[in-house]
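S.K.: predicted model and sequence follow; I will ask about them next.
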Amino acid sequence: MEKMKIMLVDDEERFLATTKKLLAKKGFDILTATSGSEALDILGTEKVHVVILDIKMPGMNGLETLRQIKKLYPIVEVIMLTGHATGETAVEVLKAGAIDYLMKPVDIDDLVQKAEEASEKRQRLEAKIRKGIKNHGTEAF
Amino acid sequence: MEQKHFKVIRKKILLNMILAPVIPFILILGIGYYYFVTSLETNAIASMKRISEDHREMIESFLTERKSDLEFIAGSYTFQELSRPKALAEVFNRLQEKSDAFTDLGIFNDAGLHVAYHGPYRLTGKIYKDTQWFQEVIKHGYYISDVFLGYRKVPHFVIAVAHEEEGNKWVIRSTIDTFRFNNLVRKVHIGKTGEAYLLNAEGMLQTERHSGGNLMDKPLDRIQYPESHRSTKSFIDKDANGVKYLYATTWMKDKKWLLVIRQEKADAFEALTSAAYLIILIAIIGGSVIVTVAFYLTNGIVERMTQMDAEKDQLGQQLIRASRLAEIGEMSTGFAHEINNPLQIMKSEQSLIEIFISELKEKGQLNQSETLVELEDSLDQIGLQINRCAKITQSILKFGRQSEPVAVDVDFKQFIPEVTAMVAKKASVNGISLKENVSEDTPLIHLDPGQLQQVLLNLFNNAIDAIIERHGSSGGKLIVESGPKENGKVEITVKDNGQGISPENLKKIFSPFFTTKPVGKGTGLGLSVCYGIVDSMGGIMDVSSEKGIGTTFTITLPAASPNPLIL
């Protein structure tokens, strides 16, 4: 099975660096982006499985970035990091297509667990799509 | 200052309330009285004038009749016939049959000699040539005298008529009974004090007067005279004794006699006096009714104003408290949010260090030593403190958060025992007697039971802490009560006999981050969260406390509507 590729998006560079190291130690392939637009650029070139996205960022904020990602790359799973989990934000985030949300400060183990769950979901989805295409294909051709 | 303000308002309202009705009231009474007085006076004077004129007519006709009587005799008999005493006596008797006012009858020749006389006196032979009456009668043909003494030394008056017979003038004269004339003049009925009398041109009484004054006396009263012969003069003046009289005067007998009709003013205007008393009585009663009502209404208004002012103050304070809480809430959530980012980095760094250390240990690059143990302990402590910070920021965020409550109808008879059961163990361990008293008629309340449970548990825990602080492990009391209040409200009170709260702390009790608990024991958010929850339920949370006696928290909530709409 291929290494899970996770992209961290946050405006705190130190957070990115340290978390990258930590997740790398857990055996993940890690990419980082300091803004929403950078994250979208990277998604255009790299195959990323899971995006961990901070909700509060300067420029394009987390929610907008999430919507863009879901629009352009619907298969990519996104986990949101929020400063505070109000009911409305949670609902909004989930509506916009995030698989889950975590509250800062997040424990690295929780983060890993959520990332794995997201990855599993993505794999199931990919498998389903592949099967669907295959079935579709036999019918079409 | 406030008190003074209300005193001024009270005075103003009271003044207006009294003056507004009193002014028209007094005006109406005054105008009514004025017109009543005017019409009464006009009437009294008019009737007085009428009486005086009627009376004059009567007296004049009496005199005229007597004069005619004498003229008739003079025309019927000759001087010779009447000069005989016997014949004169016969004529006199016939005259008396007609009118008993005549007391005597005399005949005079043109030289003034009393030729014949019939009457109680001996006057025959006396000569009257130089007396005024004789000269007048010769000159004018008749004469009616004033009351005078004459030769008889008794007040009397005479009527004399002259007759011409074959160029010779003779005179017939008769004395009028002053007693009878008196009665005639005095016979006038006006009220209790009404009287009539005659004055001659010198102001001498010609008839007796009821109110005192003999014939020929000269009363000292000031009299006003009518301008012309047939007119009547009316006026009001004091008599010699200072009693006010209403007068009517009219001339008689060619301005020789003045008929005076008078009545004491108080008598004439008696109705006026009783009307005045009645008006004064009405004014007093009406005035006191107005004043009483004004006082009553003003008190009501001022009381209501004071109450409203107090309510406004209270509302203002609540508003200030609520807005301050909202401000602090907003500020602290922002603050918590910002703190979370550095906390996240610290947490990540701490995890990374832990991983590095375990890696180094695995590789054998780090020897087991006391320093390493301490280092690991220190690292754990950092992790612990980060988690503590995280907890604080999370409770701050919870305070600021507006979660959607799920309201259902809650029955306190069931709900409150459930909540108290949660702290029953903790209470009994600390020797606290826990009593609950939920009134049977407590209405249902429509709210989120989870939220109310959070509020009550918070209050219970605070109460238990306060009790332990004061009593240790025995003697504590915690009472939860609930029951209906007026206006469809329900009240829950949580009362403890703990250490109590000082007045200055009581003011800040619902402020976020305010705590008297030792560091790490409380965030100071519990009560402010409770306050926020109760507020969002449309309720009011209040506290009263006395240091060393205990604290009572009171929550007032609106009851569920009795007939909820069934959807």
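M.R.: Here it is on my side, so go on.

S.K.: distance-wise, check the spatially most central residue of chain A relative to residue A:65.
M.R.: Nearest to the geometric centre of chain A sits residue A:51, at 1.9 Å (Cα atoms, centre = their mean). For residue A:51, the distance to residue A:65 (Cβ to Cβ, to the nearest Å) stands at 9 Å. C-beta here means a position set from N, CA and C on the backbone, and glycine is covered the same way.

S.K.: now swap in residue B:38 and tell me
M.R.: Distance of residue B:38 to residue A:65, given as Cβ to Cβ: 102 Å.

S.K.: residue B:545 against residue B:500, yeah?
M.R.: Yes - here residue B:545 reaches residue B:500: they are 5.0 Å apart, a contact under Cβ atoms under 8 Å.

S.K.: looking at residue B:38 and residue A:65, which is more packed in?
M.R.: Per other Cβ atoms under 10 Å in any protein chain shown, whichever of residue B:38 and residue A:65 has more neighbours is residue A:65, with 27 against 10.

S.K.: just the CA coordinates of stretch B:326-340, formatted as PDB?
M.R.: Coordinates of each C-alpha in stretch B:326-340 appear next as PDB, following Å, rounded to 0.1, in the frame of the first residue of the first chain:
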ATOM      1  CA  ALA B 326     -21.300  39.800  26.300                       C
ATOM      2  CA  GLU B 327     -18.300  42.100  25.700                       C
ATOM      3  CA  ILE B 328     -16.100  40.100  28.000                       C
ATOM      4  CA  GLY B 329     -17.400  36.900  26.400                       C
ATOM      5  CA  GLU B 330     -16.500  38.100  22.900                       C
ATOM      6  CA  MET B 331     -13.200  39.400  24.000                       C
ATOM      7  CA  SER B 332     -12.300  36.200  25.800                       C
ATOM      8  CA  THR B 333     -13.300  33.900  23.000                       C
ATOM      9  CA  GLY B 334     -11.000  35.900  20.700                       C
ATOM     10  CA  PHE B 335      -8.300  35.700  23.200                       C
ATOM     11  CA  ALA B 336      -8.800  32.000  23.800                       C
ATOM     12  CA  HIS B 337      -8.700  31.500  20.100                       C
ATOM     13  CA  GLU B 338      -5.400  33.300  19.800                       C
ATOM     14  CA  ILE B 339      -3.900  31.400  22.700                       C
ATOM     15  CA  ASN B 340      -4.800  28.100  21.100                       C
END
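
S.K.: residue B:490: how many residues sit nearby?
M.R.: Neighbouring residues of residue B:490 were enumerated by other Cβ under 10 Å; the total is 22.

S.K.: doesn't it lie inside a helix?
M.R.: No - per DSSP: H, G, I helix; E, B strand; the rest coil, residue B:490 lies outside any helix segment and is strand.

S.K.: tell me the contacts of it?
M.R.: B:412, B:442-443, B:445, B:482-484, B:556-559 (Cβ atoms under 8 Å, 6 or more residues apart in numbering or on different chains).

S.K.: mind listing which of the residues you listed are in helices?
M.R.: Within the contacts of residue B:490, residues falling in helices by DSSP state H are residue B:412.

S.K.: quick revisit: are there residues contacting both of residue B:545 and residue B:500? Which ones?
M.R.: Here residue B:545 and residue B:500 have residue B:551 as joint contacts, going by Cβ under 8 Å, 6+ apart.

S.K.: return the set of buried residues in the longest helix seen in chain A.
M.R.: What stands out as the longest helix in chain A, according to DSSP H, is helix A:108-140. Buried residues in helix A:108-140, counting neighbours by 16 or more other Cβ atoms under 10 Å in any protein chain shown, are found at A:108, A:111-112, A:114-115, A:118-119, A:122.
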